[in-house]
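**Student:** next input, structure requested:
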Amino acid sequence: MLNMNRLKTTVLIVVFLGSHLFAVAQEILINEWLKAGSIGVENPAFAQKENVKGDKFKSSDLLKMPIIDLTSLTPKDGAPFLDTKTAWTIQKAGSDSSLYYSFQEGGNRIGFLATYIATESFWKGKLAIESTAAFEAYWDGVKTADRYSTSADGAAISKDITVMPGKHKLILKVLLPDTLTSPSRLKAYLKPAGDFLLEGIYVSLNPRETKTLGHLLEGPKLSGISISAAGDMVLITTSEIDPKTEKSSYLRRVIRLSDKRLMASFRQTGVSQLKWMPVGNKLSYLSSGNVWVLDLDRGSETELLKGINEISSYTWSPNEEFVIYSVFEKDEGKKDDFRRILSPEDRQPFWRSRSFLYIGHIATGIHERLTWGNKSTHLQDISPDGKSIIFSTSQEDYLERPYSRQSLYRMDLSNLKVDTLWTDKLFSVSVSFSPDGAKLLATGSSLAFGDLGVNVSPGKTPNIYDTQAYIYDIATGNVEAITRDFNPSIDRAYWCPISNRIYFTTTDEDRNTLYEFNPQKKSFASIALNEEMINGIDFARSKPLAVYYGSGVKSWPKAYSYDFKAKKSTLIEDVETKNYSQVVFGDVKEWWFTSSRGQKVLTRYYLPPNFSADKKYPMIVYYYGGTTPVGRDFGGRYPKQLYAANGFVVLVLQPSGTVGFGQDFSAAHVNAWGKVTADEIIEGTKQFVAQHPFVNESKIGCIGASYGGFMTMYLLTQTDIFAAAISHAGISSIASYWGEGYWGYSYSAAASANSFPWNNRDLYVNQSPLFSADKISTPLLLLHGSDDTNVPVGESIQMYTALKLLGKPVDLIQIEGADHHILKYGQRVKWTNTILAWFAKYLKDEEGWWKEMYPDGNY
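**Tutor:** Numbering: from 1, shown residues only. Purely as a prediction, here's the structure:
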């Protein structure tokens, strides 16, 4: 590990406020502590009797008892200790670097002392504690060292520690017996191991910290919100993962909006599909195949419908007289080692299974099957009068992109007669009824109704992932393309029966936003909400009210209500406020540049906490480069604030081809595979460095995943400006991905429209990084799940093989059992640390972390 430069030492002192450290030879002495009050403890009854092991209760056993939850403590000068009248106070060591302390209270007592250890880099060493009192030492709530007897000279107890980047809490729990007559002595210090340096670690009394992976993954997380039809109650869903079992638990609570009172809660795993009913404040759910209703106004719970087995989803009729539900019918064909593949989709699990529609009548309890056949039927919507439904089927058609055709039907529920709205339609849509039932609101590709929704320059092919909205007249079949000239891409749509306005949640540049569309005036109006990324929104049916939740680049997920009359948001839920109460974030700024083609490109950049423009920082460049922009989410699998907290500037680019900037911009993705996009990433990086002297231009890394992983590999064939690169689940050969990935050919219907290996060899060969592997010189880390069905692991393996044969610097990390995303808690932690360790090695010249995780061995 090379010496850390002066820059890093200065930055760390600023970040971790109130640092107090003294380096003597090869030690960092902890010369200041926070001392709290103490807790009186008594011997239990029958302490002098021997237990089944023949042991009598000892005074040291008082120390072993779990008195309080140490992880819940946030020691800070002047802050109260638990609910007592005492507070944490600063205690300074003497000239011998020892702290002499005592507690005024009498009797046997447990006392607490604390400090914080902080580092911006991975660090290894020893923690040594000299204590005359019996003690237990806890590092981030985990016992690290102990001695259960007093020691006249306080002989040192030394333990190896591994310190991850961030701030860590060290708490000493000491036993002060009633026989104690003089102050106790404490001395603690840190010693670096091997090539690790003193400059890399700091001691602080301030709990303020930077964002860590623990903040991102642990503790309760907001995951959903919905509002009752009457607009009086909200259902809030939170999830929390247990790091030990790696299993998530869910808590669903019903809150009354007027006073935030808890009305009901659900923890049972047997309760599913909680939904507000169309009228009032009633919540329905499934339990053991039956539909139950909880009436919050009456305080009653009723079983309404029995015998719904194998149900995959259900929808209430507007008048609450019935539910339409889908039943999943599993394929019962003979299992054989020799399996004939019937279609490209047949490689996927459950492709041969089918889903069909049923109706359950509440008054009679009678169930009736609505659909049959060899194709699954999907409910689109129920008419406002409850007399009919719209449903669809799809059929593969491998002769024309996008390789499937949709048929849409309307069924009269009184006699089950079916009218056909269209058959074998390319480019399927999702539809819902207008409030009067005369029209359908449809969302889909700009090609969904011929060229009606297309708005691209001559010679360009539209990006079919740039979603548009249409109004379809059921009686005449006339279609109106209402978003053709609207740049944001449509995510979800809701036609409000109260205002007759249509509300769209959109991908709007790098934000998720809400718009209101007036069908009479044909006009859009932006609705200002409190977060940059709206993850979910739900509308009350009888009030001009909605609830939503979302986050932003410096704002963790929160839930709000929105009053459309007052045009005001009100906070409902903030489950992570304690989690982030002490976290310091770096600034995030927007920056635009103009490419050599004259295209304006949006970027944003994240700065390390307590950034100084007078210093030089390594930089990570992040991109996707595919059909969607990199949103301004707070967390995500690639948490930019976490990267910034590790001392990196992070530049995020939105190159041509993504939706949210208009159809002409998104069309650049089609038949490109790196063309234009790579040039914009390279040009943007160079322009940013030229205009921002705080970036060390020799220490720039790049990272992307999936299509972004392809971009990483392709970029390295085009430039040498990067000092290190990471590709997660990237595509190295377009042809092998096209043919082998579950969705390779169907995604290529958009990305490679009408281009195939046999008619566009230039695209499939020249744009595939594998065929230009000899041009790569940048150290490349390839990350891939072994069970990835989207982008098969062979995409990374073949690039790894090529670079090894070429003698180029490359590493391949295969995550066993993982699919396209790394979801298991333990794997997620190690995967993220792998990314940070790789960049620390090449962008900070700190290879200790990488060596610790992946030692070379002698093979």
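**Student:** ranges for the helices of the stretch 151-300 of the chain?
**Tutor:** Assigned by DSSP state H, counting those that start in this stretch, the stretch 151-300 of the chain shows helices spanning 213-217.
**Student:** in the stretch 651-800 of the chain, which spans are helices?
**Tutor:** Using DSSP H, counting those that start in this stretch, helices in the stretch 651-800 of the chain cover 663-666, 677-691, 707-716, 734-740, 744-751, 761, 794-805.
**Student:** just those helices: most buried one?
**Tutor:** helix 707-716 (a mean of 27; mean count of other CB atoms under 10 Å). Where you see a C-beta, it was placed from the backbone N, CA and C, and this is true even at glycine.
**Student:** contacting residues around that one?
**Tutor:** For helix 707-716, the external contacting residues (CB atoms under 8 Å, 6 or more residues apart in numbering) are 622-627, 673-674, 677-678, 681-682, 702-704, 722, 725-732, 751, 767, 769-770, 775-778, 780, 791, 799.
**Student:** using PDB, write down the CA coordinates of that helix.
**Tutor:** C-alpha atoms of helix 707-716 as PDB (Å, rounded to 0.1, in the frame of the first residue of the first chain):
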ATOM      1  CA  TYR A 707     -26.000  -2.300 -21.000                       C
ATOM      2  CA  GLY A 708     -23.800  -0.100 -18.900                       C
ATOM      3  CA  GLY A 709     -21.400  -3.000 -18.500                       C
ATOM      4  CA  PHE A 710     -21.300  -3.300 -22.300                       C
ATOM      5  CA  MET A 711     -20.500   0.400 -22.400                       C
ATOM      6  CA  THR A 712     -17.600  -0.100 -20.000                       C
ATOM      7  CA  MET A 713     -16.100  -2.700 -22.200                       C
ATOM      8  CA  TYR A 714     -16.800  -0.800 -25.400                       C
ATOM      9  CA  LEU A 715     -15.300   2.500 -23.900                       C
ATOM     10  CA  LEU A 716     -12.100   0.700 -23.200                       C
END
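**Student:** spit out the contact partners of the nearest residue to Met233 once chain neighbours are set aside.
**Tutor:** Residue nearest to Met233 in three dimensions, not counting chain neighbours: Asn281, with 4.8 Å by CB to CB, 6 or more residues apart in numbering. If you count contacts by CB under 8 Å, 6+ apart, Asn281 has them with 228-230, 232-233, 295-297.
**Student:** give me that answer again for 6 Å
**Tutor:** Listed by CB atoms under 6 Å, 6 or more residues apart in numbering, the contact set of Asn281 reads 228, 230, 232-233, 296-297.
**Student:** quick check: Ala133 touching Ser184?
**Tutor:** Yes. Between Ala133 and Ser184 there is a contact under CB atoms under 6 Å: 4.2 Å.
**Student:** would you list every one of the strands in the stretch 201-350 of the chain?
**Tutor:** Under the criterion DSSP state E, counting those that start in this stretch, the stretch 201-350 of the chain carries strands at the ranges 202-204, 221-227, 233-242, 247-256, 262-266, 271-276, 282-287, 290-295, 300-305, 311-316, 322-329.
**Student:** deepest of the ones you listed, which one?
**Tutor:** strand 202-204 (a mean of 23).
**Student:** show me what that one is packed against.
**Tutor:** The contact analysis (3 or more CB pairs under 6 Å, 6 or more residues apart in numbering; DSSP states H and E) places strand 202-204 against strand 109-119.
**Student:** pull the CA atoms of whichever helix or strand comes after the strand it packs on into CSV?
**Tutor:** Remark: after strand 109-119, the chain's next helix or strand is strand 123-131, criterion DSSP states H and E. Once non-C-alpha atoms are left out, strand 123-131 reads as follows in CSV (Å, rounded to 0.1, in the frame of the first residue of the first chain):
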residue,chain,number,x,y,z
TRP,A,123,-7.6,-0.2,7.4
LYS,A,124,-6.2,-3.0,9.4
GLY,A,125,-4.4,-3.0,12.8
LYS,A,126,-4.7,-3.7,16.5
LEU,A,127,-6.9,-2.1,19.2
ALA,A,128,-5.1,-2.2,22.5
ILE,A,129,-6.9,-1.5,25.8
GLU,A,130,-5.2,-1.0,29.2
SER,A,131,-7.8,-1.0,31.9
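**Student:** got the angle for strand 123-131 vs strand 109-119?
**Tutor:** Inter-element angle recorded for strand 123-131 and strand 109-119: 160 degrees (by axes from the mean of the first three to the mean of the last three CA atoms, to 10 degrees).
**Student:** which helices and strands does strand 123-131 pack with?
**Tutor:** Secondary elements touching strand 123-131 (3+ CB pairs under 6 Å, 6+ apart): strand 156-163, strand 184-192.
**Student:** how long is stretch 638-653 end to end?
**Tutor:** End-to-end distance of stretch 638-653: 14 Å, with CA to CA, to the nearest Å as the criterion.
**Student:** scratch that, stretch 306-324 is what I was asking about
**Tutor:** 14 Å.
**Student:** next: stretch 147-163.
**Tutor:** Note: stretch 147-163 ends 22 Å apart using CA to CA.
**Student:** just checking, Ser786 touches Leu812?
**Tutor:** No. Contact criterion CB under 6 Å: Ser786 and Leu812 do not qualify, at 11.2 Å.
**Student:** those two: which is more packed in?
**Tutor:** The neighbour comparison of Ser786 against Leu812 (other CB atoms under 10 Å) goes to Leu812, with 17 against 12.
**Student:** who touches the residue nearest to the more buried one when sequence neighbours are not counted in this structure?
**Tutor:** In space, and not counting its chain neighbours, Leu812 is closest to Tyr800: 4.2 Å by CB to CB, 6+ apart. Tyr800 is in contact with 782, 810, 812, counting by CB under 6 Å, 6+ apart.
**Student:** got the domain ranges for this protein?
**Tutor:** 6-44+58-209, 588-853 (automatic domain parsing).
**Student:** need the helices and strands packed on strand 123-131 in JSON lines (columns: distance to Asn374).
**Tutor:** Below are the helices and strands packed on strand 123-131 laid out as JSON lines (distance: least, CB to CB, whole Å):
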{"stretch": "strand 156-163", "distance to Asn374": "58"}
{"stretch": "strand 184-192", "distance to Asn374": "69"}
